[in-house]
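Novice: I'd like to go over a predicted model; first the sequence, then the structure.
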Amino acid sequence: MRYMFLIYSQEKSGERSPEAIEALKNGHRAVMEDAAQKGVLVGLAGLKSTSTASTVRIKDGRPITLDGPFAETKEQLAGYYILECKDLDEALGWAARIPTSCKGGEGCIEVRPVADIPKPLP
């Protein structure tokens, strides 16, 4: 089963030292490389800061575009992994290895099964 690991963290521009940023990148790189080597990595991506985000809502049948994320929160969606895991226990094991996983209260990993949606016929 495919699982999506939604990585939430706090945007702290300028508050992290270059060494802390490099350690975080290296931690993610290690998880990515191990997942790829084990053949469970399906996809992954990081997201740019919320200052680059737009939110689209429909009001009275018309789209309205707003700057920024949908809600004001302390944690923002920073990226994701998609891994092929045999079960939830294996998925939770991978989540615990992701370096942004609630260490020091700075973020968390939401683990969700990916639903299979049939593709439309051509």
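Specialist: Here it is on my side, so go on. Numbering: from 1, shown residues only.
Novice: Distance of the nearest residue to Gln76 once chain neighbours are set aside relative to Ala78?
Specialist: In this structure, Gln76 finds its nearest non-sequential neighbour in Thr50, 5.0 Å apart by C-beta to C-beta, 6 or more residues apart in numbering. For glycine as for every other residue, the C-beta is placed from the backbone atoms N, C-alpha and C. Distance, Thr50 to Ala78, using C-beta to C-beta, to the nearest Å: 9 Å.
Novice: joint contacts of these two?
Specialist: Counting by C-beta atoms under 8 Å, 6 or more residues apart in numbering, the contacts common to Thr50 and Ala78 are Glu11.
Novice: Can you check what pLDDT the model gives the residue nearest to Gln76?
Specialist: In this prediction, Thr50 carries a pLDDT score of 81.
Novice: going forward, begin numbering at 26 instead of 1
Specialist: Got it, the first residue is 26 from now on, which makes the last one we talked about Thr75.
Novice: which helices and strands sit right next to the helix or strand encompassing Ile134?
Specialist: In this structure, Ile134 sits in strand 132-138 according to DSSP states H and E. Under the contact criterion of 3 or more C-beta pairs under 8 Å, 6 or more residues apart in numbering; DSSP states H and E, strand 132-138 touches strand 27-34, helix 113-122.
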